[in-house]
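S.K.: 3D, please:
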Amino acid sequence: MVELITFIRFCTVITVSLFYIISSVSAGSVSHVSVIMPTGNTVELPLHSIGKHNYILLSDLATKIFAGSVYDANKKEIRFNNNRLRFAPTSFYIIRNLPTGAEITAQMPLPTLTRQKEMFAPLPYVFTALETVKIFTVDLKNGIHLRTYLEKNNAESKINKPILSDKSTLSIQEKGNKKEIITLNTEKKQSVSTQSDDAVNLKTDNTVKPGIYRLPTDLEKPSREQLLYADAGQFAESIQPKKMPPSVKSVLFTVTDSGYICTVHADRPILTFQKPEIVQGNMVKVRIPNALLNMKNNSIQYPKGIEGVHTDIIRDIVVISIKTENTIENVSSQREGANSVRMIMKMTEKKNPEKNKEKGKQKIIILDPGHGGEDVGAIGISGTYEKDITLAVAKKAKKYIEERMPDTKVVLTRDKDLFLGLKQRTEFANKNKGILFVSIHCNAAPSKPHPANGFEVYVLRPGKTKDAIRVAERENAVTALEKNNEAIKKMTEEQLIVATMAQSAFVKMSDKFAAILKNSVHKKTDLADRGIAQAGFYVLVGASMPNVLAELAFITNEKDEKYLRSEEGQNELALALAESVKEFTDGTP
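M.R.: Model prediction:
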């Protein structure tokens, strides 16, 4: 019995096909079919003869019948108003996915065909299938006339929908270069079903029932999207299908105590994204379907601990791969607005006994706010005291450094208006076992106001220029206020050379930090760059660590003094100092 029914269906297809033949078109002519839309407008679709049958391009169906829809040539689907109309190569079936998640299926007597990556749908069966899936009511008596689909009250009509009879005649009339369908006479109707409640409740057996076509088992499985992609939730509902796909434009990283946060930004809402997966323990991959890529791999900046980031696009899927130095314990994802996706990576720290042994040790940075107490330092044009500026910048720098470097402790030689001798400052630094000593000062010219301006860094050496010697003499003048200062006051140039040689182990590191600090201030501020100089500053003598003296700006210059007094200026200088310390210590074992 089953074989007989299958044979009858095959004969039906052959019979219909024989009646539906259009004569060959002469060279240079084009065949069209006219379709009257529900609005009353008429659209024309090009006809394509394949074998003995006529077809229309699926792309033409999308652009002309479903105006404003999105046609996905890779997935062979038309998206409109949160609906999806799905086709498959060499398939008799059309599936409509409703916004509710339900599906309606229609079967055609002829299958779709693929030629040179283009999909063709059989005419006129594709239109009668559109009625089966409840999109249009189709009238083929006078050409092809589409009307808005109206649900019938008859319960039986929810299952059975007419397609074509097994004995149908199709009349076609030529008008110039066009061929139009005029009439379609039907004697006996053949039916297919949709996945209505009644059809779903039918018992599963091997009996083939007239008018009821069961889906193949491969179409009954969940779709790839249902298995693979995360739901976009409220964002998907708010986006119209006709909009352009999102284009990934940046990948940014944030370092956390337990790992990293990677944020992917696009120029439009990201509808769906794959749940991130861990590959081989130290790589994370995330895929964003239906997206474009608008960035280069070399434009991605990533922090220490990330070995590399690679972006690629495979068909319409953007793939982002992140490789880390350590093992990834787990990864999760969440939305950050409609246009961004965050991946939170928790790292597993490598078991390294030496590293764990050193873990408890903190890096100590010594910041030395110059002058203090009765030693006010240089005095600005408007009466600004150098001691107040150096303390304010040092306190801000301490805050910025400790925020950026949780494993670092910043110690100030003074945290209030207090007088300290030069020798006391370096002794304090050595006692606290600092790894870097930065003495903070403001520069001053012999007279005021004075045009001299800008930032300058000094390292400990005998002075080579008159300006350097003058600056050192001014900063060293504080020894007059110290008790037991005879040893320092009588220091000759030869003795200074000997003191410098005693610090030979730190000379290169001091020069390295001086260069980093100079470049950082140059980038962060608009101050003139006066470079790096050397002079014999007593405050640097005896420091058993890399050390520099920073002259922030000229307090005797009107513009510089205003900058030093401002909150913005102090913050910029403190931030430049903090970032210099971080860069220096990151490269120091």
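S.K.: Across the sheet, point out what pairs with the residue nearest to D267 when sequence neighbours are not counted.
M.R.: Of all residues beyond its chain neighbours, the one nearest D267 is S247 (5.0 Å), with distances taken as Cβ to Cβ, 6 or more residues apart in numbering. Quick note: C-beta positions are derived from backbone N, CA and C, even for glycine. With beta bridges defined as DSSP bridges, S247 has these partners: L292.
S.K.: my guess is S247 meets A291, correct?
M.R.: Yes. Using Cβ atoms under 8 Å, S247 and A291 qualify as a contacting pair, with a distance of 6.9 Å.
S.K.: I figured P38 was touching T148, is that so?
M.R.: Yes. In this structure P38 lies within contact range of T148 using Cβ under 8 Å: 4.8 Å.
S.K.: residues shared between the contacts of the two?
M.R.: When contacts are counted by Cβ atoms under 8 Å, 6 or more residues apart in numbering, P38 and T148 have F136 as shared neighbours.
S.K.: before we move on, back to that, which one of S247 and A291 has more residues nearby?
M.R.: Set side by side, S247 and A291 show unequal neighbour counts under other Cβ atoms under 10 Å, the larger going to A291 at 23 against 15.
S.K.: what helix or strand is the spatially closest residue to the more buried one that is not a sequence neighbour on?
M.R.: If you skip the residues right next to it in sequence, A291 has V318 as its closest partner in space, 4.5 Å away by Cβ to Cβ, 6+ apart. Under the criterion of DSSP states H and E, V318 resides in strand 317-324.
S.K.: following that strand, which helix or strand shows up next?
M.R.: Remark: after strand 317-324, the chain's next helix or strand is strand 327-335, criterion DSSP H and E.
S.K.: Show me what that next one is packed against.
M.R.: Taking 3 or more Cβ pairs under 8 Å, 6 or more residues apart in numbering; DSSP states H and E as contact, the helices and strands that strand 327-335 lies on are strand 277-279, strand 283-288, strand 340-348.
S.K.: Take these and lay them out in TSV including mean pLDDT.
M.R.: Rendered in TSV, the data for the helices and strands packed on strand 327-335 read as follows (pLDDT from 0 to 100):
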stretch	mean pLDDT
strand 277-279	90
strand 283-288	92
strand 340-348	90
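S.K.: Could you point out which of these sits nearest N519?
M.R.: N519 lies closest to strand 340-348 among the helices and strands packed on strand 327-335, at 31.0 Å (Cβ to Cβ).
S.K.: Give the pairing partners of the closest one; include direction for each.
M.R.: Short version: by DSSP bridges, strand 340-348 pairs with strand 259-266 (antiparallel), strand 327-335 (antiparallel).
S.K.: From the recorded domain assignment, give the ranges for this protein.
M.R.: The chain is divided into the following domains under automatic domain parsing: 2-221, 234-352, 361-586.
S.K.: about what we covered before: list the buried residues of the strand holding V318.
M.R.: For strand 317-324, the buried set under the neighbour-count rule, 16 or more other Cβ atoms under 10 Å, comprises I317, V318, V319, I320, I322, K323, T324.
S.K.: coming back round to it: pick the most buried one from the strands paired with strand 340-348.
M.R.: Across the strands paired with strand 340-348, averaging neighbours per residue (mean count of other Cβ atoms under 10 Å) puts strand 259-266 on top, at a mean of 20.
S.K.: who does I532 bridge with?
M.R.: Assigned bridge partners for I532, using DSSP bridges, are V457.
S.K.: do H441 as well
M.R.: Residues in beta-bridge contact with H441 (DSSP bridges): E551.
S.K.: For it, which residues are in contact?
M.R.: With contact set as Cβ under 8 Å, 6+ apart, H441 has these partners: G370, H371, G377, E386, T390, E475, L549, A550, E551, L552.
S.K.: If we use 7 Å, what do you get?
M.R.: With contacts taken as Cβ atoms under 7 Å, 6 or more residues apart in numbering, H441 has the following neighbours: G370, E386, T390, E475, L549, A550, E551.
S.K.: Most neighbours out of these, which is it?
M.R.: G370 (29 neighbours).
S.K.: three-state assignment of the nearest residue to K64 once chain neighbours are set aside?
M.R.: By the measure of Cβ to Cβ, 6+ apart, the closest residue to K64 outside its immediate chain neighbours is V43, 4.7 Å from it. Applying DSSP: H, G, I helix; E, B strand; the rest coil to V43 yields a three-state assignment of strand.
S.K.: returning to that earlier point: what is the lowest-pLDDT residue among the contacts of H441?
M.R.: By predicted confidence (pLDDT), the lowest-ranked of the contacts of H441 is E475, with 51.
S.K.: so what secondary structure elements neighbour the strand holding V318?
M.R.: Counting contacts by 3 or more Cβ pairs under 7 Å, 6 or more residues apart in numbering; DSSP states H and E, the secondary-structure elements packed against strand 317-324 are strand 283-288, strand 306-314.
S.K.: can you put these in a markdown table and add distance to K396 and mean neighbour count?
M.R.: Output for these, formatted as a markdown table (distance: least, Cβ to Cβ, whole Å; neighbours: other Cβ atoms under 10 Å):
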| stretch | distance to K396 | mean neighbour count |
| --- | --- | --- |
| strand 283-288 | 37 | 20 |
| strand 306-314 | 30 | 14 |
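S.K.: can you put the ones you listed in JSON lines and add distance to M345?
M.R.: As requested, the helices and strands packed on strand 317-324 are exported to JSON lines (distance: least, Cβ to Cβ, whole Å):
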{"stretch": "strand 283-288", "distance to M345": "6"}
{"stretch": "strand 306-314", "distance to M345": "9"}
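S.K.: nearest to V411, of these?
M.R.: Nearest to V411 among those is strand 306-314; the distance by Cβ to Cβ comes to 31.8 Å.
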